[in-house]
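Participant: got a sequence here, can you model it:
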Amino acid sequence: RSASVLRLRKLCPEINSRAADLPPILRKDAMRDTIMAAMKDAMKSGDKVRLGAVRLIQAAFKDRDIEARGAGKEKASDDELLSLLQKMIKQRQESSSIYKTNGRPELAAQEDAEIAVIQSFLPKQMDEAEVKAAIAAAISETGAAGMKDMGKVIAHLKERFAGQMDFGRASGLVKAALAG
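Facilitator: Next up, the predicted model:
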């Protein structure tokens, strides 16, 4: 950081506390702040498994930012980061199942531990009844009439429930709801 910014922060300590005083949902980089705080906590407590998983998350966030910068976009939003976390969970679930079928329970256990850490950063997942209710509401709000409107419904769901549902399963439920 530039020296002038550091001097300004020393002279006006309220600048340092303003972002921390905001509720997480109003902060611009709430997810990044949460991950950074989790990394510091894991370092202090000596939890190597959690620290390793949090570092993997940070690396994935940085990769996403570098990719976005190359495309001329800004840093990834919290919604994009939530979808990235879900993708990381799916990758680890696939790896864990492969390790289990190939007789490598220690590697499967490591993947399962990483899944648990990553899931701790996601909002509470909706159960099937809540997903169906959200789909019904999205269909009525978007005025979807048939299969051609499936994209509108999924986009509406992603906008309102990012990180709270598995959109792979939700798309099947949307298709069923629109078909009949």
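Participant: residue 155 and residue 174: what is the separation?
Facilitator: From residue 155 across to residue 174, the span is 11 Å (CB to CB, to the nearest Å). The way it works is simple: take the backbone N, C-alpha and C, and place the C-beta from them, glycine included.
Participant: so which of the two has more stuff around it?
Facilitator: A side-by-side neighbour count of residue 155 and residue 174, using other CB atoms under 10 Å, places residue 174 first with 26 against 12.
Participant: can you report phi and psi for residue 76?
Facilitator: Dihedral angles of residue 76 (phi, psi; degrees, to the nearest 10) stand at phi -60, psi 140.
Participant: do the same with residue 144
Facilitator: Backbone torsions for residue 144, taken as degrees, to the nearest 10, come to phi -70, psi 130.
Participant: so it touches residue 154, yeah?
Facilitator: No. Look at residue 144 against residue 154 with CB atoms under 8 Å: they stay out of range, at 10.0 Å.
Participant: roughly how far apart are the residue nearest to the spatial centre of the chain and residue 179?
Facilitator: Taking CA atoms, centre = their mean, the centroid of the chain lies closest to residue 82, which sits 1.5 Å from it. For residue 82, the distance to residue 179 (CB to CB) stands at 29 Å.
Participant: ditto for residue 164
Facilitator: 24 Å.
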